[in-house]
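> Any chance you could fold what I've pasted below:
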Amino acid sequence: MREVIIYPGEDNFWVAECPGLPGCISQGETKEKAIINIKEAINLYIETLKEDNLPVPEEKFSTMVLAV
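Coordinates of the predicted model:
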């Protein structure tokens, strides 16, 4: 299980990123497509780490929404 943040980006695309995997970012024309794309990006990211015999970071997340 991985934390994913989804937010509107430029050009009406949705951006999805996984903070627990630095640099693991994707996007899509819709939220649903962004979610599909980030799932694929996460799987490829982890697969690459394993192929390179590098440790896969454990997921440690805490989420908070603040009204400012």
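> All the helices of this protein, in order from the start?
Secondary structure of the chain, counting by DSSP state H: helices at 31-51.
> Would you work out how far apart the start and end of stretch 15-29 are?
Stretch 15-29 has an end-to-end distance of 9 Å (criterion: C-alpha to C-alpha, to the nearest Å).
> for stretch 45-60, same thing?
Span of stretch 45-60 from end to end, C-alpha to C-alpha: 17 Å.
> what do you get for stretch 58-68?
31 Å.
> so how far is stretch 38-50 from its chain's centroid?
Between the centre of stretch 38-50 and the centre of its chain there are 10 Å (C-alpha atoms, centre = their mean, to the nearest Å).
> do the same with stretch 52-66
In this view, stretch 52-66 has its centroid 10 Å away from the chain centroid, taken as C-alpha atoms, centre = their mean.
> can you list contacts of it?
Stretch 52-66 is contacted by residues 1, 2, 3, 19, 20, 21, 46, 49, 50 when judged by C-beta atoms under 8 Å, 6 or more residues apart in numbering. (C-beta placed from N, C-alpha, C; glycine too.)
> What is the nearest of those to residue 40?
Of all the contacts of stretch 52-66, residue 40 sits closest to residue 46, with 11.1 Å by C-beta to C-beta.
> so how far is residue 38 from the closest residue to the closest one other than its chain neighbours?
Nearest non-adjacent residue to residue 46, counting by C-beta to C-beta, 6 or more residues apart in numbering: residue 56, 5.4 Å away. Distance of residue 56 to residue 38, given as C-beta to C-beta, to the nearest Å: 16 Å.
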